[in-house]
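**Q** curious how this folds, go ahead:
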Amino acid sequence: MASGWAGDGAVQDQIQDSINDEVARARRNLPSGESLTHCEECGDAIPQARQKALPGVRLCIACQQEADQEQKTVSLYNRRGSKDSQLR
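**A** This next block holds a predicted model:
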């Protein structure tokens, strides 16, 4: 009999789905390939230590921090959350 409530384990499934989404997003954002010598956003030089530490790096620290902040703002929204689970 359907009562409109989520079944056992639904909350855990929702949490796991959110974790899986974040892991997939993080993997997509990992740099790969040859590091750039200059930031693709602002054109400032990327320190050699940063290039060595993060192979495939494309942004300077300032631009990377800005990109991370924008990404954090977007990821705070749980698009899978149902109305019922948000009210509990």
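**Q** ranges for the helices of this protein?
**A** Under the criterion DSSP state H, helices of the chain are mapped to 10-29, 48-53, 61-75, 83-87.
**Q** helices and strands around the third one, which ones?
**A** Contacts defined by 3 or more C-beta pairs under 8 Å, 6 or more residues apart in numbering; DSSP states H and E place helix 61-75 against helix 10-29. To be clear about C-beta, it is placed using only N, CA and C from the backbone, and glycine gets the same treatment.
**Q** which elements pack onto the helix it packs on?
**A** If contacts are counted by 3+ C-beta pairs under 8 Å, 6+ apart, helix 10-29 sits against helix 61-75, helix 83-87.
**Q** model confidence over it, on average?
**A** In this model, helix 10-29 has an average pLDDT of 88.
**Q** any idea of the angle it forms with helix 61-75?
**A** Taking axes from the mean of the first three to the mean of the last three C-alpha atoms, to 10 degrees, one finds helix 10-29 and helix 61-75 inclined to each other by 150 degrees.
**Q** dump helix 10-29 to CSV, restricted to CA.
**A** Output for helix 10-29, consisting of C-alpha atoms alone and laid out as CSV, is shown next (Å, rounded to 0.1, in the frame of the first residue of the first chain):
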residue,chain,number,x,y,z
ALA,A,10,15.6,5.8,0.8
VAL,A,11,17.5,8.4,2.8
GLN,A,12,20.7,6.3,2.6
ASP,A,13,20.2,5.9,-1.1
GLN,A,14,19.9,9.7,-1.5
ILE,A,15,23.0,10.3,0.5
GLN,A,16,25.0,7.7,-1.5
ASP,A,17,23.7,9.2,-4.8
SER,A,18,24.9,12.7,-3.6
ILE,A,19,28.3,11.3,-2.8
ASN,A,20,28.6,9.5,-6.1
ASP,A,21,27.7,12.7,-7.9
GLU,A,22,30.3,14.6,-6.1
VAL,A,23,33.0,12.0,-6.7
ALA,A,24,32.1,12.0,-10.4
ARG,A,25,32.3,15.8,-10.5
ALA,A,26,35.6,15.8,-8.8
ARG,A,27,37.1,13.3,-11.2
ARG,A,28,35.8,15.3,-14.2
ASN,A,29,37.5,18.4,-12.9
